[in-house]
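1. Predicted model, plus sequence, below.
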Amino acid sequence: MTFDVITIFPDFFRSILEYGLLKRALAGGKANIRLHDLRDFADNHHRTVDDRPFGGGPGMVFKPEPIVKAVAKLQAESPGQRFPVVLLSPQGSLFTQALAEEWVRQERLALICGRYEGVDERIAEHVATHEISIGDFVLSGGELPAALIMESVIRLLPGVLGNEESAEQDSFTAPRAGPRDLRYGLLDFPHYTRPAEFQGWGVPEVLLSGNHEEIRRWRRQRALEKTWRRRPDLLAGFPLSDEDRRWLEALRGEKREPVVIPSSGE
Ligand code: 9D3
């Protein structure tokens, strides 16, 4: 799978491509990441890619022409082929695991990294197929979001994490063993390893019992409980068994710590 990143900071990506999963995927030929300096597509010798906003206001906006030229060059390489052109922007819809699983089936994908106050809206309207944010926090550009998206898609490529095997295993073991990631829509259960007691901190007895049915139920309950407390939004639409429902009912009936709302100035 080929990723084309359009950015004014191509060097930003070089270091992260030299480590871990991304390095292995690139070395093994599973993924290819091409970095395109947006300034190479500027039409003046100052390599200007931004301009002042119509209507006034602070800051600068990415001009449409260099981005259009960069994307046109990529599209000319794949005549007749349509591929996602993703604009990273704080106004985008949220990136999710479902999108990563959709995009991993593509042969190529382009990522446009914005900066400054933003990108001329005509890129979102006429050039990008998707406008994507990675969450409700303010960054200074789309470079970290682009790197994050590539990591999440590349780890799903066949052969990158030994995926051919684990994909088969998943359908048998994952529903019983518990969720390993968000693909089943629950947060993970807690993990422990040796020593069984460390600085007086124990581990749950059940995990040492060797009773695999009890361990399975404990893990399922902890995953449900953590999800219910921290991310109840994930439970909407999640398929719950009768046992899950009984357990969640029990949690709802439990006495909860009262929520303390600090008064202003504290
Ligand atoms: C200071 C400018 N802000 C005025 C309200 C808007 C703004 C513009 C550009 C805020 C951040 C950015 C740069 N961020 C991104 O390009 C970005 C981003 C993000 O900031 N958060 C989460 N996901 C993304 S994807 C791209």
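-> Ah, there it is.
2. Going by C-alpha atoms from here, please, whenever you check contacts or count neighbours.
-> Noted.
3. Up against the ligand, what does the chain have?
-> Proximity of the chain to the ligand (C-alpha under 6 Å from any ligand atom) is limited to residues 88-90, 114-118, 133-142, 145.
4. rerun at 8 Å
-> 87-92, 113-118, 132-146 (C-alpha under 8 Å from any ligand atom).
5. Wait, a helix at Lys69?
-> Yes. Counting by DSSP: H, G, I helix; E, B strand; the rest coil, Lys69 is found in a helix.
6. And the helices in the stretch 101-250 of the chain?
-> 121-126, 143-154, 163-177, 212-230, 242-253 (DSSP state H, counting those that start in this stretch).
7. before we move on, the earlier item: ok, of the residues of the chain next to the ligand, which come out buried?
-> 87-90, 92, 113-115, 117-118, 132-134, 141-146 (16 or more other C-alpha atoms under 10 Å).
8. In strands only, show me these.
-> Using DSSP state E, the members of those that fall in strands are Leu87, Leu88, Ser89, Pro90, Gly92, Cys113, Gly118, Ile132, Ser133.
9. Contact partners for the last one?
-> Right, Ser133. When contacts are counted by C-alpha atoms under 8 Å, 6 or more residues apart in numbering, Ser133 touches Leu88, Ser89, Pro90, Gln91, Gly92, Ser93, Leu94, Phe95, Pro145.
10. next one: the fifth one
-> Gly92 makes contact with His130, Glu131, Ile132, Ser133, according to C-alpha under 8 Å, 6+ apart.
11. Is the first one bridged to anything, and to what?
-> Here His130 sits in beta bridges with Val86, going by DSSP bridges.
12. is it true that it touches Leu87?
-> Yes. Look at His130 against Leu87 with C-alpha atoms under 8 Å: they come within range, at 6.2 Å.
13. Pull up the overlap in contacts between the two.
-> Residues within reach of His130 and of Leu87 at once, by C-alpha under 8 Å, 6+ apart, are Ala124.
14. And the residue found closest to Leu234 once you drop the neighbours it is linked to in the chain, how far from Arg216?
-> Closest residue to Leu234 apart from its sequence neighbours, by C-alpha to C-alpha, 6 or more residues apart in numbering: Gly185 at 6.1 Å. The gap separating Gly185 from Arg216 is 17 Å, by C-alpha to C-alpha, to the nearest Å.
15. Return the distance of the spatially closest residue to Arg155 that is not a sequence neighbour relative to Ala76.
-> Sequence neighbours aside, Leu161 is the residue nearest to Arg155 in space, at 6.3 Å (criterion: C-alpha to C-alpha, 6+ apart). Separation of Leu161 from Ala76 (C-alpha to C-alpha): 32 Å.
16. Look at these two and report which has more neighbours.
-> Ranked by neighbour count (other C-alpha atoms under 10 Å), Leu161 and Ala76 place Leu161 first, with 15 against 10.
17. Test my guess that that one contacts Val153.
-> No. Contact criterion C-alpha under 8 Å: Leu161 and Val153 do not qualify, at 11.6 Å.
18. what residues are up against Arg222?
-> Neighbour list for Arg222: Phe189, Pro190 [criterion: C-alpha under 8 Å, 6+ apart].
19. For the residue lying closest to Ala42 once chain neighbours are set aside, pull up the helix or strand it's in.
-> Excluding its sequence neighbours, the residue lying closest to Ala42 (C-alpha to C-alpha, 6+ apart) is Pro66, at 5.2 Å. Using DSSP states H and E, the element containing Pro66 is helix 64-77.
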